[in-house]
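# Show me the folded form of this:
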Amino acid sequence: MHSRSKLLMLAAIAAGLIAAYICIGSYWDFNYIIPSRIRKIFAIILTGCAIAFSSLIFQTITNNRILTPNVLGLDSLYLMIQTAVVFAMGAKTLTMMQNHVNFVVSLVAMVLFSAVLFHLILRRGRQNMYFLLLIGMIFGTLFGSFTSFMQMLIDPNEFQVLQDKMFASFNNVNVHLLWVSFVLVVLCGLYYLRFAKFMDVMLLGRDQAVNLGVDYNRVVRHLLLIVVILVSVSTALVGPITFLGLLVVNVAYQFFDTYRHTILIPGAMLISVVFLTGGQLLVERVFQFSVPLSVIINFAGGIYFIYLLLKESRAW
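Reported below is the predicted structural model:
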């Protein structure tokens, strides 16, 4: 099947799942149910596209298909910020804090942390990408340790409030934050167009890209900025979904059997929307909200990650 036909098929599946999610059991209540579900679908599409887009760019930069932007420690930083608010000021503060304040604080903290990290590491030499990943993993572990320490000390009732922030949720997304996130994602997409022509070449590796005339260090810095903003927006909007990027990008590689980013990027976005919409349908219709969507995604993604590791080890 041709790649464009596969894209159309995925688009049809995504549209069918979206229509099913909006219509099933809605009783055409235009006062509450339909607007609420449309808001959730908007958040699902926005988050799915941002995570798929950023993960594919990140894997191209690192030339590694089992890495995702989560290795930079952004998810751990987000959880540490939420925990620190509860630890220092109590769960009431986190509950009463306006959504846009929490969103802005989390977004700015993650972007600033990444900017400082990039400035300190990526300015020095050609092998700094791997050093950046190592430092990101160390900081992620450090943030996770601080988070666990604070969670041990807070009151169990306050920890129950904090748990809502530990798992991605599309149930209480603020409409105003959706529009702000949409604008940021679109701006990142437009900025990416300046570097889209280099992506297929960069997949060959640093040396080959430089030999073919790509200003590798400059392109990598700009692409990493796009990745960080996209990941920060999706995490601050709905919460962390660890394995979604790994899952959808590798499925896109296998499904399309091509290395052209003009096909892989929209394909990964559509697969992400299909997974998230189908997962939300399972959460609401089968599990009756007893299991968070992020748990289902991380469970499937974790199994797939183990499969990829075993596959790579056999290749060696």
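
# in the helix or strand encompassing Phe255, what's buried?
Taking DSSP states H and E as the definition, Phe255 sits inside helix 244-256. Neighbour-count burial for helix 244-256, counted by 16 or more other CB atoms under 10 Å, picks out Leu244, Gly245, Leu246, Leu247, Val248, Val249, Asn250, Val251, Ala252, Tyr253, Phe255, Phe256. (C-beta placed from N, C-alpha, C; glycine too.)

# which residues does the fourth one contact?
In this case it means Leu247. By CB atoms under 8 Å, 6 or more residues apart in numbering, the contact set of Leu247 is Phe275, Ile297, Ala300, Gly301, Tyr304.

# thinking Met199 is in contact with Ile226, fair?
No: using CB atoms under 8 Å, Met199 is not in contact with Ile226, being 11.5 Å away.

# Of these two, give the one with the bigger neighbour count.
Between Met199 and Ile226, counting by other CB atoms under 10 Å, Met199 is the more crowded of the two (22 against 19).

# ok now do that one, which residues does it touch?
Ile57, Thr60, His261.

# Distance of Gly48 relative to Gly136?
Taking CB to CB, to the nearest Å as the measure, Gly48 falls 23 Å from Gly136.

# which of those two has more neighbours?
Gly48 (26 against 21).

# name the element the more buried one belongs to?
Going by DSSP H and E, Gly48 is in helix 33-62.

# Report how many residues lie close to Ser145.
12.

# excluding its backbone neighbours, what's nearest Asn70?
Computed as CB to CB, 6 or more residues apart in numbering, the closest residue to Asn70 that is not its neighbour in sequence is Thr242, at 5.6 Å.

# what does Ser232 give?
Met110 (4.0 Å).

# now do Leu67
Gln59 (6.2 Å).

# between the helix holding Gly48 and helix 244-256, how big is the angle?
80 degrees (axes from the mean of the first three to the mean of the last three CA atoms, to 10 degrees).

# what's the residue closest to the geometric middle of the chain?
Ile51 (3.2 Å; CA atoms, centre = their mean).

# Was I right to think that residue contacts Val227?
No: using CB under 8 Å, Ile51 is not in contact with Val227, being 10.4 Å away.

# Could you check the protein and say which of its helices or strands has the lowest average pLDDT?
helix 91-96 (a mean of 68; mean pLDDT, DSSP states H and E).

# Thank you, goodbye.
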